[in-house]
Every structure is written in structure tokens, then in C-alpha cells.
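In: sequence first, predicted model second:
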Amino acid sequence: MRVIDLEKFVLRMVVDNSRGVLARIATLVARKGYNIASICVGKHLEEGEASVVLTIYGNEDEVQGAKSMLGKLVNVISISMHRKSEVSEREHCLVKAEGKKADAEKKTEKKTEKKADK
């Protein structure tokens, strides 16, 4: 099957925030032959919990099977499955620009001096 033929699903999980949880999730998904398109992990509202968002491609039965298997892991507190049409996606880019502050200030001072002279 090609990726073009498969539907995109998002699995959202709340898990224990402890060592090795992400490795267990990734190993289980890979062992069953699913490819993780993207993964995002962050703090959850409750202390000691983390939120994991997995994006995988497959048909509904395959993804439902993956959801069931992941739900059986001890560290998974809750899991939900969403179709691509049910979620909104955003991409962010962090850019760091460096410049010489002193040069910029000098240029500004020169411009104001020229205006004052006229």
C-alpha cells in the first residue's frame, strides 16, 4: 500500500511522564508495522503526566488496532483517535536573528542629527 492510498489519523494520548514511555510507544507502533509520520510530546495539565500526539497513516481498522494496543500499555492513561478532518494543524518556525545593536543605534542617531541640522 502506498501512503497516498492511506488516510491520516491523529492519536492523542495522556501518559505517565516517566522515563521510557515514549520508547515503549514507538517500539509497539514500529513492531506492528506502522510508520509514525510525526510525534509531539509536551507537559499535560496534571503534574506527572504528559500529552503525546502521534500522526500515523493507515485504514481505520489498522489505526483502531494500534489505538487498542497502545491503550493496553500501563503508562497510557487515556487515548483518543481523530481523523485528519477532525483536527486543525499548525506549523511554527522559530527564527533567531542577530545584529549589532550599537550599529543600529548609531544609524538612528545620525538620521536624527541630520534632521535637526536642517
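Out: Now that the structure is in, tell me what you want to look at.

In: for this protein, which segments are assigned as strands?
Out: Along the chain, the stretches classed as strands by DSSP state E are 7-16, 36-43, 49-58, 76-83.

In: between these, which gets nearest to K96?
Out: Nearest to K96 among the strands of the chain is strand 36-43; the distance by CB to CB comes to 21.3 Å. The way it works is simple: take the backbone N, C-alpha and C, and place the C-beta from them, glycine included.

In: quick one: distance of that closest one to the chain centre.
Out: 4 Å (CA atoms, centre = their mean, to the nearest Å).

In: list the buried ones in that strand?
Out: By neighbour count on 16 or more other CB atoms under 10 Å, the buried set for strand 36-43 is V41.

In: which other residues reach it?
Out: Strand 36-43 is contacted by residues 8, 17, 22, 26, 29-30, 49-57 when judged by CB atoms under 8 Å, 6 or more residues apart in numbering.

In: closest to S80 among these?
Out: Relative to S80, and with distances defined as CB to CB, the nearest of the contacts of strand 36-43 is V53, at 10.3 Å.
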